[in-house]
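Student: Next comes the sequence, and after it the predicted model I'd like to discuss.
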Amino acid sequence: MKVVLTKQLSLDVKTEVDYRAPNLLHRILSLFNNERSGSDLTLFRLPPLFNFPKSHLQCYGELVYCSGSDLLSRCSRADSSLDRFISVLAWCISTIRPLAFGVAPYNPILGETHHVSTGSLNVLLEQVSHHPPVSALHATDEKESLEIIWCQHAIPKFHGASVETDVRGKRQLKLLSRGETYEMNSPKLLIRFLPVPGAHWVGNVRIRCQESGLETQLCLGATSFLGLRGNSRSIKGNIYETSTMKTLAEVNGQWDRIVKVKDINNGKETVIYDAKEVFSGLKTPIVKDLEGVWPSESAAVWSELSQAILSKDWDKAREAKKDVEENQRELLREKESRGEAWVPKHFTATYTKDGDWECSPIQSLVPPAPIVVPP
């Protein structure tokens, strides 16, 4: 089995993406010639020329298992509920990663998985629905008594000079030894083509812990339409008591640099997040046990396409992508002919009355993975 793993994008994402096509903006705009403003792009297919060598599942997983600092384990170690909340807030900020304009990861095929371990943290993802695309994540750390459950459902819409993606789905971080569950959401993704091309995280992120009665509302900023005002990576908000709405601290900074928390009572400012620390020394995952890698593993499913993109062999890339997609369609046709419905292996996925998706892991613990992040 062939497995291709690539390094994670760093803060200086522009200099690292060297396989992008020439005349990029012109090529991108030509893709949307037949799209109307307000169109749902969920089923939109990008040619390999606009892909970078990763699946969306790998990108989601990296938010959890790729970090140069140990922010996640700090969450349950803090003594007070406020300090734990601030630690969770810092970890949540670390899951906001830089974006490369003009390229996107592959859309996962149905049943695709990604299974990686780093230290005592084991992470498993599965594509539980293809139309619409829904991804589920489960991570457990017995040593630190942590559990993460995410459900991700992205809805991109075309707006003429931009594409805005509403990233729906519940995200939970459970500090099991503390009996606390933190619920949070993802910001929106805004891709602008004109007048200033760029990709930005925007909108509001809410983090809430019912057990401690604490909550925060964070606002991620964006530059103006002409790109002359505002900061596309600013983040600000307040930490407050849910019951009384009393503000305890203010949050302010830039998620790609420094974020500080200011105590309302004494005015003391504390740096809770340093992006350089988080992104320093990131290591590419490696295969520890090739025989243990599942055929559904992202890095195996897309290995030929990833290798072709890295080699800039675009003819081979088109063929490789076509092969994966045709194999998927053939497998689904075979199931339908036998009257079988496709069922996720690692999660239960349900469509709620609110028009959203909920995903629950079948197993209580994620097993150690054959792919690991080197210490």
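Tutor: Yes, it's here. Residues are numbered from 1 along each chain as shown.

Student: how about the nearest residue to S280, chain neighbours excluded?
Tutor: Nearest non-adjacent residue to S280, counting by Cβ to Cβ, 6 or more residues apart in numbering: G68, 4.4 Å away. In this view, the C-beta of every residue, glycine as well, is placed from N, C-alpha and C.

Student: Next, give phi and psi for that neighbour.
Tutor: phi -80, psi -10 (degrees, to the nearest 10).

Student: Can you list the low-confidence ranges for the stretch 201-350 of the chain?
Tutor: Along the stretch 201-350 of the chain, segments meeting pLDDT under 70 span 222-231.

Student: ranges for the helices of it?
Tutor: Here the stretch 201-350 of the chain has its helices, by DSSP state H, counting those that start in this stretch, at 275-279, 298-301, 303-310, 314-337.

Student: can you put the ones you listed in TSV and add mean neighbour count?
Tutor: Below are these laid out as TSV (neighbours: other Cβ atoms under 10 Å):
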stretch	mean neighbour count
helix 275-279	19
helix 298-301	25
helix 303-310	21
helix 314-337	14
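
Student: could those helices be laid out in a markdown table, adding distance to L173?
Tutor: A markdown table is the format used below for these (distance: least, Cβ to Cβ, whole Å):
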| stretch | distance to L173 |
| --- | --- |
| helix 275-279 | 16 |
| helix 298-301 | 23 |
| helix 303-310 | 30 |
| helix 314-337 | 32 |
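
Student: right, and these - which one's nearest T247?
Tutor: T247 lies closest to helix 275-279 among the helices of the stretch 201-350 of the chain, at 25.3 Å (Cβ to Cβ).

Student: Output the closest one as CSV, restricted to C-alpha atoms.
Tutor: This file holds the C-alpha atoms of helix 275-279, laid out as CSV (Å, rounded to 0.1, in the frame of the first residue of the first chain):
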residue,chain,number,x,y,z
ALA,A,275,1.1,31.6,17.4
LYS,A,276,4.8,31.3,16.8
GLU,A,277,5.1,28.9,19.7
VAL,A,278,2.2,26.8,18.4
PHE,A,279,3.4,26.6,14.9
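
Student: How about residues contacting that helix?
Tutor: The contact list for helix 275-279, computed with Cβ atoms under 8 Å, 6 or more residues apart in numbering, reads S10, L11, S67, G68, S69, L71, S94, Q254, W255, D256, R257, I258.

Student: could you pull out the helices for the stretch 1-150 of the chain?
Tutor: Going by DSSP H, counting those that start in this stretch, the stretch 1-150 of the chain shows helices at 13-16, 24-31, 56-65, 71-74, 81-94.

Student: Give me the neighbour count for the residue nearest to S280.
Tutor: Look at G68: counted by other Cβ atoms under 10 Å, it has 17 neighbours.

Student: Pull up the gap between it and T118, please.
Tutor: In this view, G68 and T118 are 11 Å apart by Cβ to Cβ, to the nearest Å.

Student: between the helices of the stretch 201-350 of the chain, which gets nearest to H114?
Tutor: So among the helices of the stretch 201-350 of the chain, helix 298-301 is nearest, using Cβ to Cβ, at 4.5 Å.

Student: mind listing what A136 touches?
Tutor: Contacts of A136 by Cβ under 8 Å, 6+ apart are 125-126, 128, 149-152, 344, 346-347, 349, 359, 361.

Student: Can you tell me which residue is spatially central in this protein?
Tutor: The C-alpha lying nearest the average C-alpha coordinate of the chain belongs to Y60 (Cα atoms, centre = their mean; 3.3 Å).

Student: Test my guess that that residue contacts L137.
Tutor: Yes. Counting by Cβ atoms under 8 Å, Y60 does reach L137; the two are 6.0 Å apart.

Student: what touches both of these two?
Tutor: L125, W150, Q152.

Student: so can I have TSV of the residues you listed showing pLDDT, distance to C209 and neighbour count?
Tutor: Below are these laid out as TSV (pLDDT from 0 to 100; distance: Cβ to Cβ, whole Å; neighbours: other Cβ atoms under 10 Å):
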residue	pLDDT	distance to C209	neighbour count
L125	98	24	29
W150	96	17	23
Q152	93	21	23
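
Student: Do I have it right that H153 meets R168?
Tutor: Yes. Using Cβ under 8 Å, H153 is in contact with R168, at 4.6 Å.

Student: Done for today, thanks.
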